[in-house]
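Colleague: this one's structure only:
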């Protein structure tokens, strides 16, 4: 439901409002989860360590494996790969929406908020190359897409988490969640870079870490966006009061 103060506003104002961006984040996360679940259901089989294994292995398949057509086992995977593509883009849309609220989230540090917003949105654009370059088509291009988008994404992510860690208005639970997510992401990206650049064999625990980070990322995006939305509403209300006094 559209908030009362926006019901008579122009459509452009409604679409650019913090409320609309929060709704977009929730919808994009739901779509990402749904499409990824369908991709998992449709995946024919195969992991890096067991190419002939049937079906999807939650702890031994990378999320990127879902983008492959054919699958690692060699079986056709046109529908599953399409679902995975939609799920990946929906997740990037949710992340981009989160970063669009970063200036409101870091209202006391406006310059940092704007810088992280720009860097975060740019990293989402760069990461969109990942699902378009599945590893079975070109392993080198896929690695380049992951690292090319992953490094700026990590910088934006680390900057935001660092700002949240010293923010007294952020709960201890969200701080710990954020720090664990950052550490895990650093480990995963470093290991992926080692494998890609040095052509080393992959470690068996990396897909499990990949999946744990995904499960942690979804609620983190929702919680941080909700915090940014609440702060944006308070900031708008404060500005409205100042205009009335003036």
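Modeller: Arrived safely. Predicted model, so just to flag it, every value in this text is computed and none were measured.
Colleague: verify the contact between residue 42 and residue 75 for me.
Modeller: No - Residue 42 is beyond contact range of residue 75, at 10.5 Å (criterion: C-beta atoms under 8 Å). Every C-beta, even on glycine, is put in place using the N, C-alpha and C of the backbone.
Colleague: neighbour count winner among those two?
Modeller: Using other C-beta atoms under 10 Å, the more surrounded residue of residue 42 and residue 75 is residue 42, with 19 against 14.
Colleague: longest helix in the chain, by residue count?
Modeller: The helix that spans the most residues within the chain, counting by DSSP state H, is helix 206-245.
Colleague: flag every buried residue along that one.
Modeller: The neighbour-count check on helix 206-245 (16 or more other C-beta atoms under 10 Å) flags 206-207, 209-211, 213, 216-218, 220-225, 227-229, 231-233 as buried.
Colleague: same check, this time on stretch 132-151
Modeller: Here stretch 132-151 shows 133-136, 141-143, 145-150 as buried, counting by 16+ other C-beta under 10 Å.
Colleague: what is the nearest of the residues you listed to residue 25?
Modeller: residue 149 (19.5 Å; C-beta to C-beta).
Colleague: look up how far residue 95 lies from that closest one.
Modeller: 11 Å (C-beta to C-beta, to the nearest Å).
Colleague: quick check: next helix or strand after the lowest-mean-pLDDT helix or strand in the chain?
Modeller: Within the chain, no helix or strand scores below helix 11-15, which has a mean of 50 by mean pLDDT, DSSP states H and E. Reading on from helix 11-15 to the C-terminus, the next helix or strand found by DSSP states H and E is helix 18-42.
Colleague: helices or strands next to that next one in the packing?
Modeller: Helix 18-42 makes packing contacts with helix 78-100, helix 206-245 when contacts are defined by 3 or more C-beta pairs under 8 Å, 6 or more residues apart in numbering; DSSP states H and E.
Colleague: out of those, which is closest to residue 169?
Modeller: Using C-beta to C-beta, the nearest of the helices and strands packed on helix 18-42 to residue 169 is helix 206-245, at 7.9 Å.
Colleague: next, the angle from the closest one to helix 78-100.
Modeller: Per axes from the mean of the first three to the mean of the last three C-alpha atoms, to 10 degrees, the angle that helix 206-245 makes with helix 78-100 is 40 degrees.
Colleague: okay, angle between helix 206-245 and helix 18-42 too, please.
Modeller: Using the same axes, to 10 degrees, helix 206-245 lies at 160 degrees relative to helix 18-42.
Colleague: thinking again about what came up before, who touches both of residue 149 and residue 95?
Modeller: Shared contacts of residue 149 and residue 95 (C-beta atoms under 8 Å, 6 or more residues apart in numbering): residue 124.
Colleague: per-residue pLDDT, the closest residue in space to residue 35 that isn't next to it in sequence?
Modeller: Spatially, and ignoring its direct neighbours in sequence, residue 35 is nearest to residue 87 (3.4 Å; C-beta to C-beta, 6 or more residues apart in numbering). What the model reports as pLDDT for residue 87 is 97.
Colleague: dump the residue contacts of residue 87.
Modeller: 31, 32, 33, 34, 35, 36, 38, 39, 66.
Colleague: make it 7 Å
Modeller: 32, 35, 36, 39 (C-beta atoms under 7 Å, 6 or more residues apart in numbering).
Colleague: contact partners for residue 75?
Modeller: Residue 75 touches 44, 45, counting by C-beta under 7 Å, 6+ apart.
Colleague: for this protein, give me the ranges with low pLDDT.
Modeller: Applying pLDDT under 70 to the chain flags the ranges 1-16, 238, 246.
Colleague: would you list the buried residues of stretch 132-151 in CSV and tack on secondary structure and distance to residue 57?
Modeller: Converted to CSV, the buried residues of stretch 132-151 look like this (DSSP: H, G, I helix; E, B strand; the rest coil; distance: C-beta to C-beta, whole Å):
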residue, secondary structure, distance to residue 57
133, coil, 23
134, coil, 18
135, coil, 17
136, coil, 17
141, helix, 25
142, helix, 20
143, helix, 22
145, helix, 24
146, helix, 21
147, helix, 25
148, helix, 28
149, helix, 26
150, helix, 24
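Colleague: having no further points to raise, I will conclude here.
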